[in-house]
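Chemist: here is a sequence together with a model predicted from it:
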Protein chains: 4
Amino acid sequence: MYTTRIYYQDTDAGGVVYFANYLKFFEKSWFEHLLSIGISIPEWEKDGTYLIVKTVTLDLMEKLLYGDTIYVKTSVKEVRNAYFVLDHTVLKDNRVTAKGQTTMVCIDAKGKPKRMPEAFRASLLKPMTG
Amino acid sequence: MYTTRIYYQDTDAGGVVYFANYLKFFEKSWFEHLLSIGISIPEWEKDGTYLIVKTVTLDLMEKLLYGDTIYVKTSVKEVRNAYFVLDHTVLKDNRVTAKGQTTMVCIDAKGKPKRMPEAFRASLLKPMTG
Amino acid sequence: MYTTRIYYQDTDAGGVVYFANYLKFFEKSWFEHLLSIGISIPEWEKDGTYLIVKTVTLDLMEKLLYGDTIYVKTSVKEVRNAYFVLDHTVLKDNRVTAKGQTTMVCIDAKGKPKRMPEAFRASLLKPMTG
Amino acid sequence: MYTTRIYYQDTDAGGVVYFANYLKFFEKSWFEHLLSIGISIPEWEKDGTYLIVKTVTLDLMEKLLYGDTIYVKTSVKEVRNAYFVLDHTVLKDNRVTAKGQTTMVCIDAKGKPKRMPEAFRASLLKPMTG
């Protein structure tokens, strides 16, 4: 959940948001969403649990222009032992203009995949089970 | 086809290449690949044909570090009337460290999808048919 | 005037905010500051007046880390016929951690410098004269 | 010393290179220049010496467009005990289109300023004394 205006830095010479920058919107949105369900990524890092992105999909449906205001929404789609999947949606005036998915893997300080800590997993699952 | 070193600007506080920056490597690689098969995107733009990205997939397999040298390779996977698909592969020391796909659509100066010009299409198809 | 958290995308492998990204914070801050004093850059663009950056200075005093929250403050320092100067300050916990200056020039749609429109200039000057 | 084409990722909706991206060109150029005079930043990092940017100046003289090819040149301007200064010049068709300066400080792994190692300093000075 992240709201931002589109600034020059987000755009390219085509006059629209540069495609790679959608992934930056996604990162801001997942940081804020995870925080809102009780997961502070920086706190977990102090505890030796880091997140990395394993796969990404992105689908662009409507262009975004300089000065537009967008709302990015993230939700937890799937939680497994070794990874979890996040859905991201970009909205402008209540229309979906782009969407995507990221698969996230937990790693330790040395970059080795590790089992998701139980408290982390519980926080991810809580909003899904209501 | 694009070779680059990994600079600080490509990395993040996790010590590795920031995931969104892979899409920037892809863009540089497809620009150079299309040019090598006879398609100069800036020239086609002067002629009223622009390319936009419609979908992206990205799969990260091995982390990249500051100072690494990578080789990014693009190939045309599919050519349809309205769009074409590019495959991108990131290599380090001859190992594939990431790969992805982008679907590209031709638009006119007003942003409306347009039929791919015949010469553009022929250039895309030539290396595929050998 | 712009508040943001520091995300991975802002950092580099040194573990701190990548130096070039401070200029992106400045852009967001000047957009919001100008808007707050009555200057919508996107609206002026529809009217044929564009802003470009001519010079930049940046001074980094204290590092910023992933997860930090910063406040960026912009003020108008100088207004001349052909350009104006903005001061930017980055604060964390009320300490100045970086500061900079940008000189902005008005141009027309063809990129030629133009005299600053009178209403634009008046909006810039009003908060200075109190 | 770094040559690159201007890609979409370097530009903004104004149709030109986004001002902050010049600093990214500078970073690539100083990495390559230092390497060419015997200073590999990644190697020095393994040895516990890191570089951070302390101050930046940037002066934009001529716009750069998508598809342009630029040449970025870095030279050592000044070497002191605690820091050194680099000059950066962006050229297109042998015309200077932008220039800037960065002041670089040596720090240790904990981020504390440290005296420049003697071999590092000697490498910086050698091309200056010719």
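Modeler: Noted; the coordinates are in hand. Numbering: from 1, shown residues only, chains lettered A, B, ... in the order given.

Chemist: make it CA atoms for all contacts and neighbour counts henceforth
Modeler: Noted.

Chemist: what about the nearest residue to residue A:21 once chain neighbours are set aside, distance to residue A:22?
Modeler: Computed as Cα to Cα, 6 or more residues apart in numbering or on different chains, the closest residue to residue A:21 that is not its neighbour in sequence is residue A:10, at 6.2 Å. According to Cα to Cα, to the nearest Å, residue A:10 and residue A:22 sit 9 Å apart.

Chemist: quick one, which of those two is more surrounded?
Modeler: residue A:10 (26 against 22; other Cα atoms under 10 Å in any protein chain shown).

Chemist: surely the more buried one and residue A:20 touch.
Modeler: No: using Cα atoms under 8 Å, residue A:10 is not in contact with residue A:20; the gap is 9.2 Å.

Chemist: so in chain A, where's the weakest helix or strand by average pLDDT?
Modeler: Least confident helix or strand, chain A: helix A:118-129 with a mean of 90, by mean pLDDT, DSSP states H and E.

Chemist: show residues contacting that helix.
Modeler: The contact list for helix A:118-129 (Cα atoms under 8 Å, 6 or more residues apart in numbering or on different chains) reads A:34, A:37-39, A:76, A:79.

Chemist: so where is chain A shaky, pLDDT-wise?
Modeler: A:129-130 (pLDDT under 70).

Chemist: nearest residue to the residue nearest the centre of it other than its sequence neighbours?
Modeler: Central residue of chain A (Cα atoms, centre = their mean): residue A:30, 3.2 Å from the mean position. Nearest residue to residue A:30, sequence neighbours excluded (Cα to Cα, 6+ apart): residue A:74, at 5.8 Å.

Chemist: does the one you found have beta-bridge partners, and which?
Modeler: residue A:88 (DSSP bridges).

Chemist: how close does it get to chain D?
Modeler: Computed as Cα to the nearest Cα, to the nearest Å, the residue A:74 to chain D distance reads 25 Å.

Chemist: which strand of chain A spans the most residues?
Modeler: Selection of the longest strand in chain A by residue count, based on DSSP state E, yields strand A:95-107.

Chemist: show me what it is packed up against.
Modeler: Applying 3 or more Cα pairs under 8 Å, 6 or more residues apart in numbering or on different chains; DSSP states H and E, one finds that strand A:95-107 contacts strand A:50-60, strand A:83-92.

Chemist: which parts of chain A sit against chain B?
Modeler: A:19-21, A:23-24, A:53-61 (Cα under 8 Å from any Cα of the partner chain).

Chemist: give me the ChimeraX select line for those residues, limited to the buried ones.
Modeler: Provided next is the ChimeraX selection string for whichever of these are buried by 16 or more other Cα atoms under 10 Å in any protein chain shown:
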select /A:19,20,21,23,24,53,54,55,56,57,58,59,60
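
Chemist: tell me which residue in chain A sits closest to chain D.
Modeler: Using Cα to the nearest Cα, the single residue of chain A nearest to chain D is residue A:12, 3.8 Å away.

Chemist: mind checking how far that residue is from residue D:4?
Modeler: Here residue A:12 is placed at a distance of 17 Å from residue D:4 (Cα to Cα).

Chemist: the two - which one has more neighbours?
Modeler: residue A:12 (27 against 13).

Chemist: tell me the phi and psi of the nearest residue to the more buried one once chain neighbours are set aside?
Modeler: Among residues not flanking residue A:12 along the chain, residue D:12 sits closest, at 3.8 Å (Cα to Cα, 6+ apart). Per-residue torsions, residue D:12: phi -140, psi -180 (degrees, to the nearest 10).

Chemist: and what of residue A:10?
Modeler: Torsion angles at residue A:10 (phi, psi; degrees, to the nearest 10) stand at phi -90, psi -10.

Chemist: who does the biggest helix by length in chain A touch, helix- and strand-wise?
Modeler: Of all the elements of type helix in chain A, the one with the most residues (DSSP state H) is helix A:21-36. Counting contacts by 3+ Cα pairs under 8 Å, 6+ apart, helix A:21-36 packs against strand A:2-5, helix A:41-46, strand A:69-79, strand A:83-92.

Chemist: deepest-packed of the ones you listed, please.
Modeler: Most buried of those by mean neighbour count (mean count of other Cα atoms under 10 Å in any protein chain shown) is strand A:83-92; its value is a mean of 21.

Chemist: list of residues touching that one?
Modeler: A:26, A:29-30, A:68-79, A:96-106, A:116.

Chemist: how about a cut-off of 7 Å?
Modeler: A:26, A:69-79, A:96-106 (Cα atoms under 7 Å, 6 or more residues apart in numbering or on different chains).

Chemist: now the end-to-end length of stretch A:11-23.
Modeler: End residues of stretch A:11-23 are separated by 13 Å (Cα to Cα).

Chemist: if we can go back for a sec, just checking, the residue nearest to residue A:12 touches residue A:16?
Modeler: No: taking contacts as Cα atoms under 7 Å, residue D:12 lies outside contact range of residue A:16: 8.4 Å.

Chemist: would you confirm that the residue nearest to the centre of chain A contacts residue A:75?
Modeler: No: contact criterion Cα under 7 Å: residue A:30 and residue A:75 do not qualify, at 8.0 Å.

Chemist: rewinding a little: now do the longest strand of chain A against strand A:69-79, angle only.
Modeler: For strand A:95-107 against strand A:69-79, the angle by axes from the mean of the first three to the mean of the last three Cα atoms, to 10 degrees is 40 degrees.

Chemist: nearest residue to residue A:105 in space, please, no chain neighbours.
Modeler: Once flanking residues are discounted, residue A:105 sits nearest to residue A:83: 4.5 Å by Cα to Cα, 6+ apart.

Chemist: scratch that, residue A:19
Modeler: Counting by Cα to Cα, 6+ apart, the residue nearest residue A:19 is residue B:53, at 6.8 Å.

Chemist: the closest residue to residue A:58 other than its chain neighbours - how many residues pack around it?
Modeler: Closest residue to residue A:58 in three dimensions, ignoring its sequence neighbours and counting by Cα to Cα, 6+ apart: residue A:100, at 4.2 Å. Applying other Cα under 10 Å, we find 21 residues neighbouring residue A:100.

Chemist: who does residue A:100 form a beta bridge with?
Modeler: Applying DSSP bridges to residue A:100 gives these bridge partners: residue A:58, residue A:88.

Chemist: how close does it get to residue D:93?
Modeler: Noted for residue A:100: a distance of 41 Å to residue D:93, by Cα to Cα.

Chemist: please apply the same query to residue A:8.
Modeler: Per Cα to Cα, residue A:8 is found 27 Å from residue D:93.
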